[in-house]
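Colleague: mind folding the following:
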Amino acid sequence: MKRVLTYGTYDLLHYGHINLLKRARALGDYLIVAISTDEFNKNMKNKVCVQSYEERKTILESLRFVDLVIPEENWEQKINDVKLYHVDTFCMGSDWEGKFDFLKEYCEVVYLPRTEGISTTQRKGQVIQMFSTPKIS
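Modeller: Residues are numbered from 1 along each chain as shown. As a prediction, this is how the structure comes out:
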């Protein structure tokens, strides 16, 4: 069985996330998704999520192409996760190109193209704009 591992926050899950996860799963037989915990997002990424870790985890676990969801608690855990879960392929979006090449010593590293025209930051901006625009009656 070929195991694939990817990482992300996956706040406000959208079709760009779905495309990435489907393509990641197509690289193997078993997809492990590590999602950033609330503490890691707040303390290390300076990021606040709309959805809690538990909410994001529940949503990802419901996807038929995701086999296991694990917490991402620090930047340094990737080598340990690759070893612990016997990962064959590590993949991330192309915006991380080259950042995880140090894992090539342990597994194959693949950077997948991002879906054009969508991002969580963009979605959050759209929601803010929707609720801040005056309504015309």
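Colleague: shaky segments in the protein?
Modeller: Counting by pLDDT under 70, the chain contains low-confidence residues at 117-131, 133-137.
Colleague: can you give me the helices for it?
Modeller: Secondary structure of the chain (DSSP state H): helices at 15-25, 38-43, 53-61, 78-84, 120-132.
Colleague: which of the ones you listed sits most buried?
Modeller: Mean neighbours per residue, mean count of other CB atoms under 10 Å, is largest over these for helix 15-25, with a mean of 19. Every residue, glycine included, has its C-beta placed from N, CA and C.
Colleague: got the angle for that helix vs helix 53-61?
Modeller: 60 degrees (axes from the mean of the first three to the mean of the last three CA atoms, to 10 degrees).
Colleague: contacting residues around helix 15-25?
Modeller: Helix 15-25 is contacted by residues 4, 6, 8, 10, 31, 33, 60, 63, 65-66, 91, 93, 112, 114-115, 118-119 when judged by CB atoms under 8 Å, 6 or more residues apart in numbering.
Colleague: could you redo the last one with a cut-off of 10 Å?
Modeller: Applying CB atoms under 10 Å, 6 or more residues apart in numbering, the contact partners of helix 15-25 are 4-6, 8-11, 13, 31-33, 59-60, 63-67, 89-94, 110, 112-120, 122-123.
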